[in-house]
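> A structural model of the following input is requested.
(2 chains)
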Amino acid sequence: AQKVTQAQTEISVVEKEDVTLDCVYETRDTTYYLFWYKQPPSGELVFLIRRNSFDEQNEISGRYSWNFQKSTSSFNFTITASQVVDSAVYFCALSGEGGEYGNKLVFGAGTILRVKS
Amino acid sequence: EAQVTQNPRYLITVTGKKLTVTCSQNMNHEYMSWYRQDPGLGLRQIYYSMNVEVTDKGDVPEGYKVSRKEKRNFPLILESPSPNQTSLYFCASSLIGQANNYGYTFGSGTRLTVV
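The predicted structure follows:
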């Protein structure tokens, strides 16, 4: 079975601090895909990144960076110099290649990030 | 604009009164799915559909029905809603096999309260 664990239920930081959101996954697939989504207070889901299992390169997009480590089954997300607008719920998700799971996306429980000014 | 449209955005209803949440996509996606989001549990899949007239249960299907008579539409039906179905619901769509390359498109969500 596929599983995603986001152990941090809630994180509070002060603006300009760096913050890392942890994501640990379990899967028996050799090909799989990892995602991060942001859910601002308005409620919609905003796609942030997709990473496939064959690409362990870290990625940076502005203040956001992602660290994918297959050896520890982790796909952590770091926000540098956090801002109040980063306050949201962040979800890590996992999808396999298909088969019995079809296109199923398995989500973690989410991490609430509060950035205080 | 490519999108998944859910209606209504907000709904308050009473126990036992049948309701339907609509979901429509304009991207010709084969795959559609419904999720519910609850605090501390993330999003859990209710039902999914691989194509017209092909539907299957997800992880939490009890109390829900779906249909897929047309490719673009995938309504979620609550025949007899109960308070434990109070939740935030999301519809999502993707191309079969391509979801992992191009990602999923999510609707804006439907916040349902059953009293």
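> and chain B, which of its residues are near chain A?
Contacts of chain B with chain A, taken as C-beta under 8 Å from any C-beta of the partner chain, map to B:31, B:33, B:35, B:40-45, B:48, B:50, B:56, B:58, B:88, B:90, B:92, B:94, B:96-97, B:99-100, B:103-104, B:106, B:108-109, B:111. For the C-beta atoms, the positions are set from N, CA and C on the backbone; glycine is no exception.
> same thing but at 6 Å, please
With C-beta under 6 Å from any C-beta of the partner chain as the criterion, chain B comes near chain A at residues B:31, B:40-43, B:45, B:50, B:94, B:99-100, B:103, B:106, B:108-109.
> could those be laid out in CSV, adding distance to A:Lys116?
CSV is the format used below for the residues of chain B next to chain A (distance: C-beta to C-beta, whole Å):
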residue, distance to A:Lys116
B:Tyr31, 40
B:Gly40, 22
B:Leu41, 26
B:Gly42, 25
B:Leu43, 27
B:Gln45, 34
B:Met50, 45
B:Ser94, 37
B:Ala99, 36
B:Asn100, 36
B:Gly103, 31
B:Phe106, 28
B:Ser108, 28
B:Gly109, 26
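> could you flag which of those residues are buried?
B:31, B:42-43, B:45, B:50, B:94, B:99-100, B:103, B:106, B:108-109 (16 or more other C-beta atoms under 10 Å in any protein chain shown).
> Now, these that are in strands?
Here DSSP state E is the test, and these give B:31, B:42-43, B:45, B:50, B:94, B:106 as lying in strands.
> Nearest to B:Gly63 among the residues of chain B next to chain A?
Each of the residues of chain B next to chain A was checked against B:Gly63 using C-beta to C-beta; the closest is B:Gln45, at 14.2 Å.
> low-confidence ranges in the chain?
You didn't say which chain, so I picked chain A. In the predicted model of chain A, residues A:97-102 satisfy pLDDT under 70.
> hm, I was asking about chain B
In the prediction, chain B carries residues with pLDDT under 70 at positions B:97-102.
> Just give me the residue right at the centre of it.
B:Trp34 (2.8 Å; C-alpha atoms, centre = their mean).
> picking up where we left off before, can you tell me which of the ones in strands among the buried ones among the residues of chain B next to chain A lies closest to A:Asn103?
Closest to A:Asn103 out of those is B:Tyr31 (4.6 Å), distances taken as C-beta to C-beta.
> got JSON lines for the buried ones among the residues of chain B next to chain A, with distance to A:Glu59 too?
Output for those, formatted as JSON lines (distance: C-beta to C-beta, whole Å):
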{"residue": "B:Tyr31", "distance to A:Glu59": "26"}
{"residue": "B:Gly42", "distance to A:Glu59": "23"}
{"residue": "B:Leu43", "distance to A:Glu59": "23"}
{"residue": "B:Gln45", "distance to A:Glu59": "27"}
{"residue": "B:Met50", "distance to A:Glu59": "31"}
{"residue": "B:Ser94", "distance to A:Glu59": "21"}
{"residue": "B:Ala99", "distance to A:Glu59": "20"}
{"residue": "B:Asn100", "distance to A:Glu59": "16"}
{"residue": "B:Gly103", "distance to A:Glu59": "15"}
{"residue": "B:Phe106", "distance to A:Glu59": "21"}
{"residue": "B:Ser108", "distance to A:Glu59": "27"}
{"residue": "B:Gly109", "distance to A:Glu59": "27"}
